[in-house]
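[1] I'll drop the sequence and a predicted model, then ask my questions.
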Amino acid sequence: MVLFGWSSIFAFQKKLSTMKKVILILLAIVNFTILRAQPTAEVSDIYENAATRLSKNSPGISFGGYGQIDYNQPFGMGEKYNGILDVHRMVLLVGYRFNKRLNLVTEIEWEHVKEISIEQAFVNYSLNQKIQLQAGLMLVPMGLINLYHEPTTFNGVERPLLDKFITPTTWREVGFGVAGNLTEVSMKYQAYVFGGFKSYNGEALITGKNGFRKARQKGALSIVGSPNFAGRVEYYGILGLNVGASAYFGKTSSPLNNGVVKTDKLQMAKADSSIVGLAMIGVDLRYQKRGFQLKGQWYYGHISNTEQYNFFGVKAGEMNDVGKTMGGFYAEAAYDILRLIKKTAGQLSLFARYTSFDTQRSTVSRVIKKPAYEIQAITTGLGWKISRGVVVKSDIQFYKTKTDNKYSKAFNAGVALWF
């Protein structure tokens, strides 16, 4: 049977690492620094994503879009590699406002020229600014990049690795819920019920190496065994600072639950073994002041029923290797060096990011922990924002696992668009 509940939450307290403490200390330092000079002007939320922008439009149909074209060149380690030129993604945003309360948001994406998918398709009914009812295919509110994934909004050519393996961006599912902006207390919130991940499709879809990334259903004939909850709050009451906290609780779904006879213990045990529970929490911050930017994320996930799932997922005599916990963090700093030159338009941001994560942070019995799943990466580069919607980027990424003595290297460059 799948074990899931308060025990998963209590396990978080016992698993705090040094890296988590670094992020929390960083939060405290930023808070203390800014609290010394409280703003006198009214504070407002300065961040928006494509869905927020579309929802602001006048009655009728509205269009937008974003995209990125990348060049990736691995090098070093005494080996030669070809570079890759890729129209990574082009996205068409289409919105429609039926009346002052009701609007539609859709996001249609082409990846690598040939792969088409729907990233968002939901209706929003606004009772007022504080209460907005939403239903459809929506972004799960976990992680900064999952909610703010437009390529002009983040530093670096590629999205941070943490948002690929721990919070599997772009993570979206069909669901319903409520969101709003409580301006009196400078806080935004989101609370949804989703269908969740699919953990089995003839073979195990969750692995130690890739985490839950291949288990996303993305609204395509999604099966639902039990509801999953996701929620987020963001506080923006201090000028330049935005602090968020997210949580996700639920179980995966499996097609083996279709037609299972409840009194057949063998069938029930087999179906239960193809399901895991996931409890995930995270905190993040963004800070901007006079050309300086600071950003950080920390996420931790506890996975239940992994021992049964790993044995059930045996393929060709090899047991699956899903860990009991996973997690990681990144910390990033950036500065607009064009601010040093007076009367200069645009921005030229120099940034550096340190990332550390492990998709197999701890394991259950008979599963060997693999150091190759523990990743460290340093990314540094430049982003030239020619206008609000066009950024030319380049960076170098140094990447290694716990078993590597040296960093692998890659040069990345690209153009990011959002209109």
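    Right, received. Where do you want to start? Computed from a prediction, not measured in an experiment: that's the story for all the values here.
[2] Please enumerate the helices of the stretch 51-200 of the chain.
    For the stretch 51-200 of the chain, applying DSSP state H, counting those that start in this stretch gives helices covering 144-147, 162-165.
[3] Check whether residue 117 really touches residue 109, as I assumed.
    Yes: if you go by CB atoms under 8 Å, residue 117 and residue 109 touch, sitting 5.3 Å apart. All C-beta spots, glycine's among them, are computed from the backbone N, C-alpha and C.
[4] of the two, who's got more company?
    For the pair residue 117 and residue 109, the greater number of neighbours falls to residue 109 (19 against 16), based on other CB atoms under 10 Å.
[5] how much space between the residue nearest to that one when sequence neighbours are not counted and residue 214?
    Excluding its sequence neighbours, the residue lying closest to residue 109 (CB to CB, 6 or more residues apart in numbering) is residue 91, at 4.7 Å. For residue 91, the distance to residue 214 equals 22 Å [CB to CB, to the nearest Å].
[6] now do residue 224
    As judged by CB to CB, residue 224 and residue 214 stand 18 Å apart.
[7] which parts of stretch 202-212 are buried?
    204, 205, 206, 207, 208, 211, 212 (16 or more other CB atoms under 10 Å).
[8] The fifth one against residue 373, yeah?
    I take that to be residue 208. Yes: here residue 208 reaches residue 373: they are 5.7 Å apart, a contact under CB under 8 Å.
[9] Could you tell me which residues touch both of these two?
    Common contacts of residue 208 and residue 373 (CB atoms under 8 Å, 6 or more residues apart in numbering): 323, 359, 360.
[10] need the contact list for the second one.
    If you count contacts by CB under 8 Å, 6+ apart, residue 359 has them with 165, 166, 208, 209, 210, 211, 323, 326, 373.
[11] Looking at those residues, which is nearest residue 186?
    residue 166 (28.0 Å; CB to CB).
[12] Excluding chain neighbours, what is closest to the closest one?
    Excluding the flanking residues, the one nearest residue 166 by CB to CB, 6+ apart is residue 299, at 5.0 Å.
[13] and that neighbour, what does it touch?
    Residues near residue 299 by CB under 8 Å, 6+ apart: 142, 143, 162, 166, 167, 280, 281, 282, 327, 328, 329.
[14] So the third one versus residue 260, what's the distance?
    Read that as residue 162. Per CB to CB, residue 162 is found 37 Å from residue 260.
[15] if you count what's nearby, which of the two comes out ahead?
    A direct count of neighbours by other CB under 10 Å for residue 162 and residue 260 places residue 162 higher, at 26 against 14.
[16] was I right about that one contacting residue 357?
    Yes: shown here, residue 162 and residue 357 form a contact pair, counting by CB under 8 Å, at 5.3 Å.
[17] Common neighbours of those two, please.
    With contacts taken as CB under 8 Å, 6+ apart, the residues that reach both residue 162 and residue 357 are 328, 329.
[18] Identify the residues contacting the residue nearest to residue 109.
    Contacts here follow CB under 8 Å, 6+ apart; on that basis residue 91 touches 50, 65, 66, 67, 107, 108, 109, 110, 119.
[19] Highest neighbour count among the residues you listed?
    Among the contacts of residue 91, the one with the most neighbours (other CB under 10 Å) is residue 107, at 27 neighbours.
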